[in-house]
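J.: The following comprises the amino acid sequence and a computationally predicted model.
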Amino acid sequence: MKKKLAAMILTLALAAGVMAPVPAYADGITVEETSMDTATEKSFDTDYTVKWDADKVYWNKVTLDQQGILRIHLNEEDPKSLENYDVAVYTAKGEKIWKIMVDCAGAAADNYVGLAKGTYYVSLQSHYQFRPSTTYRFSFEKNNACELEPNEKKNDAVDMKVNTMYTGFMENTYAGEKDNDDFYAITLKKGQSYKFICDADSYSEKQRL
């Protein structure tokens, strides 16, 4: 009887032209903090969900006990989605040091930020609210040879050692935002020359410098 019932359900589904659904993700821990002052500490490799409300900005606090790469992962959405998100990283003093606009239409979005040891705040904002909620997570990878934000000015250039591969990141730019400049510094002795190699890496939108 169970086999017949299953066959009838499958037949009805095919007759009705049911299409394969977009992957569905269970909601994570709901994030409701809408100010930097009220942001709570977030754990790595844990799903969080923001339920969008008007043009509010939602805040997350992350603490790094060593230098490395913070990964910000937003789950895949419907390929026809028009949702765009602003993701920004701030220091504990409230200085914005990194920002990107992303969408997750048809694919999950992974963004990588090289940071020194310390406490940071990550803000999320949706511009259109076509979707009622978005699920995301943070993860961390120790890395002692990576780009460290902020490094958009010469005075903040990342010091590079010779014969060492560094992990750097190429962010996008968009209307109203200045071009993304990343500065690195190398010290040479008289008579020395420097060869710069850029090699594509397996990370999305990430390069080894």
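T.: Yes, it's here.

J.: Tell me where the protein has strands.
T.: Applying DSSP state E to the chain gives strands spanning 29-31, 48-51, 58-64, 68-74, 85-91, 96-102, 109-115, 118-126, 133-142, 158-159, 167-169, 184-185, 199-200, 206-208.

J.: I figured residue 117 hits residue 64, correct?
T.: Yes: with contact defined as C-beta atoms under 8 Å, residue 117 and residue 64 form a contacting pair (5.5 Å). Any C-beta I mention is one placed from the backbone N, CA and C, and that applies to glycine too.

J.: which of the two has more neighbours?
T.: Taking neighbours as other C-beta atoms under 10 Å, residue 117 and residue 64 compare with residue 64 leading, 17 against 10.

J.: I'd say that one and residue 115 touch.
T.: Yes: counting by C-beta under 8 Å, residue 64 does reach residue 115; the two are 5.9 Å apart.

J.: what's the overlap in contacts for the two?
T.: residue 70 (C-beta atoms under 8 Å, 6 or more residues apart in numbering).

J.: circling back to that earlier point, nearest to residue 149 among the strands of the chain would be which one?
T.: strand 96-102 (4.6 Å; C-beta to C-beta).

J.: got the contact list for the nearest residue to residue 89 once chain neighbours are set aside?
T.: Counting by C-beta to C-beta, 6 or more residues apart in numbering, residue 89 lies nearest to residue 98, which is 4.2 Å off, once chain neighbours are set aside. For residue 98, the contact set (C-beta under 8 Å, 6+ apart) comprises 88, 89, 113, 149, 150, 171.

J.: Quick check, pLDDT for residue 98.
T.: The per-residue pLDDT reported for residue 98 equals 94.

J.: Now do the contacts for the nearest residue to residue 159 once chain neighbours are set aside.
T.: Using C-beta to C-beta, 6+ apart and skipping residues adjacent in sequence, the residue nearest residue 159 is residue 185, 5.2 Å away. For residue 185, the contact set (C-beta under 8 Å, 6+ apart) comprises 154, 157, 158, 159, 160.

J.: Also residue 184?
T.: 147, 151, 157, 158, 159, 160, 166, 168, 209.

J.: So which of the residues you listed is surrounded by the most neighbours?
T.: For the contacts of residue 184, the largest neighbour count, defined by other C-beta under 10 Å, is 24 neighbours, found at residue 147.

J.: where's that one relative to residue 180, distance?
T.: According to C-beta to C-beta, to the nearest Å, residue 147 stands 11 Å off from residue 180.

J.: From start to finish, how long is stretch 82-94 in a straight line?
T.: Stretch 82-94 stretches 30 Å from its first residue to its last (C-alpha to C-alpha, to the nearest Å).
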